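In: give me a model of this one.
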Amino acid sequence: QMVSGWRSFDGVPFQLSSSVRGLIVDLFERLEVSHGTFVVRATLSYLTLSRGIGEGELNNLLSLDDDVLADVYEWWVPPLRTSPPLILSRLLMDVAPYLSRRGD
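Out: Okay, here's the model as predicted:
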């Protein structure tokens, strides 16, 4: 997906892995940099383990994870500690090409 935006005269801005596994690991690392390590790991874990989960349910699960909340609320502690829906929406938008939805 990222490569499709490169032009032929642009150089490769970083080292590409030579294996599929390496490319997947690189994708996960870029997601962790963009969205936070604990948020990405927890979200992808819940998506992998579930047999279908809605965005609202997934957000509720993330709100129960203290590591995720500490990652999201690094500088401020709100009175009601829940994961902001925008955090999950942004991450799901980035991984949408790799997911399939049931019932659509």
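In: what's the longest helix belonging to the chain in contact with?
Out: In the chain, taking DSSP state H as the definition, the longest helix is helix 20-35. Here helix 20-35 makes contact (C-beta atoms under 8 Å, 6 or more residues apart in numbering) with 16-17, 40-41, 44, 87, 90-91, 94-95. Where you see a C-beta, it was placed from the backbone N, CA and C, and this is true even at glycine.
In: in the chain, which spans are helices?
Out: 20-35, 37-49, 55-63, 66-72, 85-95.
In: thinking again about what came up before, buried sites along the longest helix of the chain?
Out: Under the neighbour-count criterion of 16 or more other C-beta atoms under 10 Å, helix 20-35 has 27, 31, 35 buried.
In: pick out the most distant pair among the contacts of helix 20-35.
Out: Leu16 and Ile87 (28.6 Å; C-beta to C-beta).
In: of the two, which one has the most company?
Out: A direct count of neighbours by other C-beta atoms under 10 Å for Leu16 and Ile87 places Ile87 higher, at 18 against 10.
In: show me where pLDDT drops low in this structure?
Out: Within the chain, the ranges that satisfy pLDDT under 70 run 1-14, 103-104.
In: ok so, going back, okay, the helices of the chain in CSV with distance to Arg102 next?
Out: Conversion of the helices of the chain to CSV gives the following (distance: least, C-beta to C-beta, whole Å):
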stretch, distance to Arg102
helix 20-35, 23
helix 37-49, 12
helix 55-63, 13
helix 66-72, 24
helix 85-95, 15
